[in-house]
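1. Provide a 3D model corresponding to the input given below.
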Amino acid sequence: MTTPREMGPQMEIPPRLVRTVYRKASERNQSFEERDDWDNQAKKWGVDPEDRHVIGLMGEMAFAIYADLKIDTEIVEWSDGGVDFEVSINGIERTVDVKTSQKEPYVLPVKERRVESDYYVLGHLEETTVTFLGAATKEMVLDRERKKSKFGHYNYEVPISSLNPTPDSESIVNV
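-> You can find the predicted model right below:
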């Protein structure tokens, strides 16, 4: 039996774009640092804050490469609002949020108050390669029960086994 991880497309991020990711992660983290209520030493969620930005941006970069999308290298202050891309998938306009983890994920987690996109894509990052494990619609996310994370907030969790296959790259276009 093939697992979703084995079925998903993989994208290797070239060194030049890895450097861009690290630079943008540092700039994005600096925008957090400028907030009076931000504690960069907290290592909230078990990962260094700047590393969290790197992980997320690596997933976004890999999806942009996969779907041949324009890469938005603007600094996103404080938050991207839960939307990474505005695309058309199989002719349907959708907002997309890419969720990326370095740990082997068992679910696609979406914070309870952050269900902003129409579509979610789950990626697993190993060094500079992202494997896309599947996707879920906003409705699929909201149909799940909320679960309290070990960090105190609530997530909707879609098991990997319930995810749809990642859309074919040719079916995704910028809008």
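
2. In this protein, where is pLDDT below threshold?
-> Within the chain, the segments meeting pLDDT under 70 span 1-7, 31-47, 71-80.

3. Okay, helices next: where are they in it?
-> 4-7, 15-33, 49-67, 138-142 (DSSP state H).

4. Quickly compare those helices and say which is most buried.
-> Across the helices of the chain, averaging neighbours per residue (mean count of other Cβ atoms under 10 Å) puts helix 49-67 on top, at a mean of 22. Where C-beta positions appear, they are placed from N, C-alpha and C, glycine not excepted.

5. now for it, which elements pack on it?
-> With contacts taken as 3 or more Cβ pairs under 8 Å, 6 or more residues apart in numbering; DSSP states H and E, helix 49-67 sits against strand 10-12, helix 15-33, strand 85-89, strand 92-101, strand 119-126, strand 129-137, strand 172-174.

6. got the contact list for residue 85?
-> By Cβ atoms under 8 Å, 6 or more residues apart in numbering, residue 85 lies in contact with 60, 63, 64, 67, 69, 95, 96, 98, 174.

7. Apply 7 Å and report the result again.
-> Shown in contact with residue 85 (Cβ atoms under 7 Å, 6 or more residues apart in numbering): 63, 69, 96.

8. So what sits opposite it in the bridge?
-> Note on residue 85: beta-bridge partners residue 96, judged by DSSP bridges.

9. one step back: ok, which of the helices of the chain comes nearest residue 118?
-> Nearest to residue 118 among the helices of the chain is helix 138-142 (5.2 Å), distances taken as Cβ to Cβ.

10. Residue 14 versus the residue nearest to residue 130 when sequence neighbours are not counted, what's the distance?
-> Leaving aside its sequence neighbours, residue 130 sits nearest to residue 62 (Cβ to Cβ, 6 or more residues apart in numbering; 3.5 Å). Counting by Cβ to Cβ, to the nearest Å, the gap from residue 62 to residue 14 is 11 Å.

11. how near is residue 100 to residue 125?
-> From residue 100 to residue 125 the distance is 5 Å (Cβ to Cβ).

12. Nothing else from me, thank you.
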